[in-house]
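J.: My questions concern the predicted model and sequence given below.
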Amino acid sequence: MNMHLLNQARQLSVEEQLEMVEALWDNIVERNAVPPVTDAQKVELDRRLAEHDANPDDVVSWSEVKALAIARIKR
């Protein structure tokens, strides 16, 4: 990582930093850049798939998840 560039970014206001992050993220999306999955992520994905295969009916609907998330935000 370019520490000089990072230190310059740290001197920006929070608003400017957020604008920079958004611009960087948009650039990553435009390039269709996808970071590689790490070994730890692969292990976790395999664990979750195995758990789902063992208990396919142990799920929560999207509407339930959404309602719970909205309820938490409103607290």
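T.: Now that the structure is in, tell me what you want to look at.

J.: Spell out the residue ranges of the helices in this protein.
T.: Using DSSP state H, the helices found in the chain span residues 3-10, 14-30, 39-54, 62-73.

J.: In a markdown table, list the ones you listed along with mean neighbour count and mean pLDDT.
T.: No exception for glycine: its C-beta is placed from N, CA and C like everyone else's. Below are the helices of the chain laid out as a markdown table (neighbours: other Cβ atoms under 10 Å; pLDDT from 0 to 100):
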| stretch | mean neighbour count | mean pLDDT |
| --- | --- | --- |
| helix 3-10 | 9 | 97 |
| helix 14-30 | 10 | 96 |
| helix 39-54 | 10 | 97 |
| helix 62-73 | 9 | 96 |
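
J.: mind listing what residue 20 touches?
T.: 9, 12 (Cβ atoms under 8 Å, 6 or more residues apart in numbering).

J.: nope, residue 66 is what I was after
T.: Contacts of residue 66 by Cβ under 8 Å, 6+ apart: none found.

J.: How much space separates it from residue 73?
T.: Residue 66 is 11 Å from residue 73, where distance means Cβ to Cβ, to the nearest Å.

J.: cool, and residue 16?
T.: Counting by Cβ to Cβ - residue 16 and residue 73 are separated by 27 Å.

J.: ditto for residue 23
T.: Residue 23 is 27 Å from residue 73, by Cβ to Cβ.

J.: show me the contacts for residue 15.
T.: Per Cβ under 8 Å, 6+ apart, neighbours of residue 15: none.

J.: How many residues are close by residue 12?
T.: 12 (other Cβ atoms under 10 Å).

J.: which residue packs closest to it, ignoring adjacent ones?
T.: Using Cβ to Cβ, 6 or more residues apart in numbering and skipping residues adjacent in sequence, the residue nearest residue 12 is residue 20, 6.8 Å away.

J.: Identify the residues contacting stretch 50-61?
T.: By Cβ under 8 Å, 6+ apart, stretch 50-61 touches no other residue.

J.: mind checking the end-to-end distance for that stretch?
T.: Terminal residues of stretch 50-61 are spaced 19 Å apart (Cα to Cα, to the nearest Å).

J.: Lovely, talk soon.
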